[in-house]
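K.L.:
just to be clear, the model below is a prediction. Sequence and coordinates:
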Amino acid sequence: DGHANTVTLQLQWVTQAQFAGYYVAADKGFYEEEGLDVTILAGGPDIAPPQVLAGGGADAMLNWMPSALAAREKGLPVVNIAQPFKSSGLMLTCWKDTGISSVEDFKGKTIGVWFFGNEYPFLSWMSQAGISTDGGDDGVTVLKQGFNVDPLLQREADCISTMTYNEYGQVLDAGVNPDELVTFKYEDQGVATLEDGIYVLEDNLKDPVFEDKMVRFVRASMKGWKYAEANAEEAAGIVLDNDETGAQTEAAQVRMMGEIAKLTAGSDGTLVEADFDRTVASLLAGGSDPVITKKPEGAWTHQITDKALK
Amino acid sequence: MNASASCVISAQNLDLTFQTNDGPVHALKGVSLDINKGDFVSFIGPSGCGKTTFLRCMADLEQPTGGSITVNGVSAAEARKARAYGYVFQAAGLYPWRTIGGNIRLPLEIMGYSKADQKERVERVLELVELAGFERKFPWQLSGGMQQRASIARALAFDADILLMDEPFGALDEIVRDHLNEQLLKLWARTEKTIGFVTHSIPEAVYLSTKIVVMSPRPGRITDVIESPLPKDRPLDIRDSPEFLEIAYRVREGLRAGHADD
Amino acid sequence: MNASASCVISAQNLDLTFQTNDGPVHALKGVSLDINKGDFVSFIGPSGCGKTTFLRCMADLEQPTGGSITVNGVSAAEARKARAYGYVFQAAGLYPWRTIGGNIRLPLEIMGYSKADQKERVERVLELVELAGFERKFPWQLSGGMQQRASIARALAFDADILLMDEPFGALDEIVRDHLNEQLLKLWARTEKTIGFVTHSIPEAVYLSTKIVVMSPRPGRITDVIESPLPKDRPLDIRDSPEFLEIAYRVREGLRAGHADD
Amino acid sequence: MIWVLVAIVIWALGWWINIRLSNSARSDETLVRVAIPVIFGLTVVIVWEMLVHGFDVNPVILPAPSSIIERLGTEGPRLWADFKQTILKGAVSGYVIGGGAALAVAVLADRSDFLTRGILPVGSFMAALPIVGTAPIFVKWLGSDWESKAAVVAVMVFFPILVNTVAGLRDTSSMQRDLMRTYGAGYWPTLFKLRLPAAMPFMFNGLKIATTLALIGAIVAEFFGSPTVGMGFRISTSFGQLALDMVWAEIVVAAIAGSAFYGAMTLIEKRVTFWHPSQR
Amino acid sequence: MRSVLPVLTVVAAILGFWLLCVVPMNMHLVADQAQRDGLVVTPDTPAARQDVGGVALALKNTHLIALTYEFKRPRLPSPQQVGREMYATIIDKKITSKRSLVYHGWVTLAPTLLGFLIGTSLGILLAVGIVYSRVMDRSVMPWAIVSQTIPILALAPMIIVVLGSMGIQGLFPKSIIAAYLSFFPVVVGMVKGLRSPDAMQLDLLRTYNASKSQGFWSLRLPASAPYLFASLKIGISASLVGTIVAELPTGARAGFGARMLVGDQYGQPLVSWAALFAAALTAAALVGIFSLIERVTLKRMGMAAA
Ligand SMILES: Nc1ncnc2c1ncn2[C@@H]1O[C@H](COP(=O)(O)OP(=O)(O)OP(=O)(O)O)[C@@H](O)[C@H]1O
Ligand SMILES: Nc1ncnc2c1ncn2[C@@H]1O[C@H](COP(=O)(O)OP(=O)(O)OP(=O)(O)O)[C@@H](O)[C@H]1O
Ligand SMILES: Cc1ncc(C[n+]2csc(CCO)c2C)c(N)n1
Ligand SMILES: [Mg+2]
Ligand SMILES: [Mg+2]
């Protein structure tokens, strides 16, 4: 029946080139080739993809691994079935004239951080670096930044969180020269965590019909990703076509696609176990306010990718 | 007894005390009165003596704090539910969002009169109170006296056995008043309604009533009940007859006595 | 002329037409009248003839659509701003959020009387209208007549040269009314106020006034102005004198003529 | 299934008790007046607990009341800190500023018909500025701390209070106004002795609606930037962490604070507008 | 019609104030940019400028003032910038285009109207229940208040998820949230309005032994009309705000809310401002329609001049 061939995917943000692979797969008919009818649900600042998954509103979601693991501990057994993003795009962007040149210099500064489940990588990084996040001269003052770069531009914060593919570009768009800035990529600091994996509910995987559907879904999606990597401009155009707000600009999406391609490059969709272990280790190292308390079991599987990509 | 068989309103030892921010006000105290079918009873007494309160008790608009009151042999509440009476308030109390015609039609709509009947009745009572032509005006476009007449018309528009009227003619000039007095007597003779009527005018009370109840204030009590020996048929010039003047004198004395108590 | 020197209110050919949803209403038409200092002028006429409207024009509460009116030689608006008069409305119009005492105190506060003076005056006028003891009650806790007396007290509490009263005693019984009539005459004699007084009672008009203005309706016109030959000092029993009855007769005839027009 | 049946029975029971209570002779006593909504609330809570168990609802969608209560017990200090930040600093100051401004503008507008006609439509325009649009702007202008929240609240409460006050200032009968005119009363006496008292019933309408708006405004504005304390911060962060019991614990605090705020307004209203027919 | 001049006057005053504010609000950003572009700015480091107020900075750098009105990424856009953006997105675009604010306006308006309908109906029903039933009065009113203290933005995603899991998507979930925000002002106003008849007006109906429903239709409802309209005007704005709030947890796909969010997220303040103003204008128009209905109705009821 139709149910065996319909897939609903919950994104973790509004339509943008970060999700180009899926839009390309849909637009180019890759899903159709697999006999799938895929609905892509855009996300936003007020949507928790795991909750949508739990509520049955979607079959699969995209998520950052720290957030997914935390959900697992909360009693929502989500499992990573594919990892199209090889590297992390998260970084801190700081004004150079604040005198920051290394992590040590963060002390006494104000740093904008995304919350809503995105704070985990930052918190574990700081606790590994031995810096308190409660303010004061020896710690950093944390601001919950909105999803824009204004706190930096207006110098309310000395550093803010940015994605290589989006917010950093916005800072530059605002007229700032790269040499006025200092950036700290989580990847370079050794605290990178896995971003934008595909997750499903554990129980569903036992259903062969569902499993089959996901196999086809992941296969088509990866085809989409690889196509997008190779055809950045076209992919950006497809994303723009799918943006219903009409507010996205071509230049920004093309640039974003270029940056995204750097992150997806090197992944065929299969989760690399070492990357997972590194993510878990980083999260477990978070001291007083741990993101997860114990090493998660069964939080990922190759069940799907093995069949999809053989 | 036979009298009680035709007794329409019977109050026994009625008490009513209002609780106010600075102590209780005794509006009625030990008030007993029997009103027979077809009686025209006037209530007269100094301002604040409890006339309105007494009328409201009969109409089940106020709950006595003591004693009992029956209307048509049942409780005041049941009588009200049986739509036993029409009531004219001391202030006109017209609904501002209805025209004069609409205000008079209100009880008719509620009591389910037919459209045609409503129209016919509204016209008739407007004629009666000399407001023909003002049907489509709103209350605030009328003078004080006109509003009062509209509210009288509203109570006369439907057929209630008992008519309770609280100073209905207070804001009217002598001539309109005489006219309405005559009309009211005619209506009463024709329909055998029982009428309770509050007034401040001694001649009016004597001219209209078969029974005049004189009250005195704080606490409100009945000090005198005067049965009128005047015939049922009363031309306006009966007001110059010696019987008339005698009753008027008695009422005035009763009133004066009430004031002296103060 | 000398007369115009002491002329307090002068209306010349006053017209007032209300525009309503179903056509214009001519409330006043060609009304001219001079009121001299110290006059006590009563207005009498059928309900709806424009008495209230005329009084409101004097008080600058209504704008005439034609003609002119001057008060103390200036326009009605200027006179109002100079606080030339006290006004008693046809309905009591007490502010519900103030006690009776507070309502009477209102004009005193506005006109800046001292606290002690306020207290003294409130007590005095409450006494005058026989409402002593009700100072701390709220308006809805008073009977209709008591509310009306409170509103009279409010207008008497301060010293205005002109007093405009719209049926102030309509809801009062004869005895209180007689009492207040006497008090009003005393006050008038003592203070030489100029008083405009609307009433429906012919004896009241004759008893109180130096000048009786008879009006007739649609459109409101003055049909007769009767100067009273009665002396300034008027005991209550003057009402049985032949002069009194003669004036009363003339007023009644004037009224009847107005009604006949209808 | 059993749970569901029990839930229905309990619902019926609570409703029945309340009907008995409200129609009983003692229904005007303070105790009973408080008991009725409490029983209603308890019924809802118990039924909720039953249904969560009965339908086996995942706690990341709807937590059971028992776990919310547990959070309330263990997270006291944090909830208190959030309360201070959001309600005491953000909501209350915004309410005072917005309310004060609305009163001032209403009185100003009332001075002339011209201003009223001009200000009311512009005010209604302001009322319709949705918080999701204004909050980011104020955060941008005034920073992430409570000042921007107070500004959001002030803008939100401004219109309801303004509209109601203006309507109230005009809600005098012509006789009441005429009386003032006969006294030759100037603007201020008329304002203080007639218009303001007459406006009170309406004004409290606006003030009461604004209490809940103030709360929502302060909390929601924190979604768009805040320090790491505050009820809105906690709600959005906990929601992202799927700690829904914490989210609901904050909601409970908000509900209690809001009801208390509203209740206080109602009490003041009762004392100030005792004379209005709706209060008698 | 008589309101046109007063509104224009007030709008002009506000515009004037706005124009004045643009300079100090944007001065710091403009100065930073000017320095990058090689202009002379005093003080000459961003950090030092941080210690100077916007007005003072403007006075020190008068040559930069004009730039504040056309800054690309302003804190406070100038009126002409917003005006141009609105002209471009409302008039210049085909209304079917997703770049047209008319299109987004309709996306937002539809759930608003449906939600308003649901909300007002519910509000009026509740108010009637509260006025006529003691049980309702005592137990429901407090909880209606509580419902409004729950931050809607926190509740919205849960409502969307729950409705979504029941297969309800699209317009309806947004309408529910719009209704949730709009029912409360209606309840509060209507309860007050239905209770506004005075004792004598009620007594009159008692003497007719009017049934409850007759009392409702002939007294309570007409007496509540002024309160109802005041509530409706607040309710329709609340409903619009509700829809816009609901657009975020439904994936911010289209509508004014989506434009505001995306404009903010991608550093395009003008997109946000234009959407914000368009939303407010829509609401003002809706309120205006109700004012008109109010005026006509109250006039026909004879209550306008009273
Ligand atoms: N605001 C108004 N709008 C329209 N017509 C009005 C208005 N006020 C009064 N009128 C009309 O003007 C006429 C005169 O009214 P006015 O109140 O002056 O009468 P009055 O002589 O005081 O009567 P009454 O003795 O009944 O108080 C009446 O026909 C009335 O219908
Ligand atoms: N709601 C109330 N609360 C408190 N006291 C009241 C209330 N209604 C009436 N009273 C008091 O009860 C007494 C009797 O009032 P009532 O209205 O019956 O007088 P009345 O005889 O009709 O007077 P009037 O001729 O002036 O209308 C008065 O002293 C009044 O103050
Ligand atoms: C609900 C939710 N909001 C934001 C993020 C973090 N995040 C992921 S992509 C992105 C946009 C970058 O342009 C951001 C902010 C998230 N994971 N979930
Ligand atoms: Mg009375
Ligand atoms: Mg009159």
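P.N.:
Nice, thanks for sending it over. Ligands and ions are numbered 1, 2, ... in the order given.

K.L.:
what are the phi and psi values at residue B:43?
P.N.:
With angles defined as degrees, to the nearest 10, residue B:43 sits at phi -110, psi 130.

K.L.:
kindly report the same for the one 5 residues further on.
P.N.:
The main-chain torsion angles of residue B:48 are listed as degrees, to the nearest 10 and equal phi 90, psi 10.

K.L.:
wait, doesn't it sit right on residue C:141?
P.N.:
No: look at residue B:48 against residue C:141 with Cβ atoms under 8 Å: they stay out of range, at 10.7 Å. In this view, the C-beta of every residue, glycine as well, is placed from N, C-alpha and C.

K.L.:
of the two, which one has the most company?
P.N.:
residue B:48 (26 against 17; other Cβ atoms under 10 Å in any protein chain shown).

K.L.:
near chain D, which residues of chain A?
P.N.:
A:45-46, A:48, A:50-51, A:54-55, A:67, A:70-71, A:74-76, A:115-119, A:133, A:141-146, A:148, A:150-151, A:154, A:156 (Cβ under 8 Å from any Cβ of the partner chain).

K.L.:
just these: which are in helices?
P.N.:
The helices, defined by DSSP state H, take in A:50-51, A:54, A:67, A:70-71, A:150-151 from the residues of chain A next to chain D.

K.L.:
which one among those gets closest to ligand 2?
P.N.:
residue A:51 (58.3 Å; Cβ to the nearest ligand atom).

K.L.:
measure the closest one to residue D:51 for me?
P.N.:
According to Cβ to Cβ, to the nearest Å, residue A:51 and residue D:51 sit 19 Å apart.

K.L.:
helices of the stretch 151-300 of chain A, start to end?
P.N.:
Along the stretch 151-300 of chain A, counting by DSSP state H, counting those that start in this stretch, helices occupy A:167-173, A:186-189, A:208-230, A:232-242, A:250-264, A:273-284.

K.L.:
show me the domain layout of chain E.
P.N.:
E:4-76, E:101-300 (automatic domain parsing).

K.L.:
any part of the last one near ligand 3?
P.N.:
No: in terms of Cβ under 6 Å from any ligand atom, no part of domain E:101-300 sits within range of ligand 3; the closest distance is 7.5 Å.

K.L.:
and the helices of the stretch 151-300 of chain A: which comes nearest residue C:227?
P.N.:
helix A:167-173 (93.8 Å; Cβ to Cβ).

K.L.:
so which elements touch that closest one?
P.N.:
strand A:90-95, strand A:159-163, helix A:250-264 (3 or more Cβ pairs under 8 Å, 6 or more residues apart in numbering or on different chains; DSSP states H and E).

K.L.:
now the stretch 1-150 of chain D against chain E: closest residue?
P.N.:
Nearest to chain E, among the residues of the stretch 1-150 of chain D, is residue D:128, at 2.7 Å (Cβ to the nearest Cβ).

K.L.:
which ones are touching that residue?
P.N.:
E:237, E:240-241, E:279-280, E:282-284, E:287 (Cβ atoms under 8 Å, 6 or more residues apart in numbering or on different chains).

K.L.:
restrict the residues you listed to those near chain D?
P.N.:
E:237, E:240-241, E:279-280, E:282-284, E:287.

K.L.:
any stretches of the stretch 51-200 of chain A with poor pLDDT?
P.N.:
Along the stretch 51-200 of chain A, the parts satisfying pLDDT under 70 run over A:117.

K.L.:
of all of it, which residue lies closest to ligand 5?
P.N.:
Nearest residue of the stretch 51-200 of chain A to ligand 5: residue A:146, at 66.3 Å (Cβ to the ion).

K.L.:
what about that residue, how many neighbours?
P.N.:
Applying other Cβ under 10 Å, we find 22 residues neighbouring residue A:146.

K.L.:
so which residues on the stretch 101-250 of chain D come close to ligand 1?
P.N.:
Counting by Cβ under 6 Å from any ligand atom, no residue of the stretch 101-250 of chain D lies close to ligand 1.

K.L.:
give the residue spans of the stretch 101-250 of chain D that score low on pLDDT.
P.N.:
In the stretch 101-250 of chain D, no residues with pLDDT under 70.

K.L.:
and if you look at the stretch 1-150 of chain B?
P.N.:
Across the stretch 1-150 of chain B (using pLDDT under 70), the flagged ranges come out as B:1-5.

K.L.:
do you know how far the closest residue to residue A:96 other than its chain neighbours is from ligand 2?
P.N.:
Excluding the flanking residues, the one nearest residue A:96 by Cβ to Cβ, 6 or more residues apart in numbering or on different chains is residue A:182, at 5.0 Å. Using Cβ to the nearest ligand atom, to the nearest Å, one obtains 79 Å as the distance from residue A:182 to ligand 2.

K.L.:
could you check how many residues crowd around the residue nearest to residue B:84 when sequence neighbours are not counted?
P.N.:
Excluding its sequence neighbours, the residue lying closest to residue B:84 (Cβ to Cβ, 6+ apart) is residue B:162, at 5.4 Å. Using other Cβ under 10 Å, residue B:162 has 22 neighbouring residues.

K.L.:
which pLDDT value does the model give residue B:162?
P.N.:
Note for residue B:162: predicted pLDDT of 89.

K.L.:
distance of it relative to chain C?
P.N.:
Distance, residue B:162 to chain C, using Cβ to the nearest Cβ, to the nearest Å: 21 Å.

K.L.:
does that residue touch residue B:85 like I think?
P.N.:
Yes: the criterion here is Cβ under 8 Å, and residue B:162 meets it with residue B:85 at 3.8 Å.

K.L.:
so for the two, which residues contact both of them?
P.N.:
Residues touching both residue B:162 and residue B:85 (Cβ under 8 Å, 6+ apart): B:71, B:79.

K.L.:
what parts of the stretch 51-200 of chain B come near chain C?
P.N.:
For the stretch 51-200 of chain B, the residues in contact with chain C (Cβ under 8 Å from any Cβ) are B:51-52, B:90-91, B:130, B:136-138, B:141-146, B:149, B:166-167, B:170-177, B:200.

K.L.:
the stretch 1-150 of chain E too?
P.N.:
Checking the stretch 1-150 of chain E against chain C by Cβ under 8 Å from any Cβ, there are no hits.

K.L.:
hey, where'd the helices end up in the stretch 1-150 of chain E?
P.N.:
Going by DSSP H, counting those that start in this stretch, the stretch 1-150 of chain E shows helices at E:4-36, E:46-50, E:54-60, E:65-68, E:79-86, E:101-132, E:134-149.

K.L.:
quick one: mean pLDDT for the last one?
P.N.:
Spelled out, that is helix E:134-149. Mean predicted lDDT for helix E:134-149 stands at 81.

K.L.:
buried residues in the helix or strand following that helix?
P.N.:
Using DSSP states H and E, the helix or strand that follows helix E:134-149 in sequence is helix E:152-165. Across helix E:152-165, burial judged by 16 or more other Cβ atoms under 10 Å in any protein chain shown covers E:152-164.
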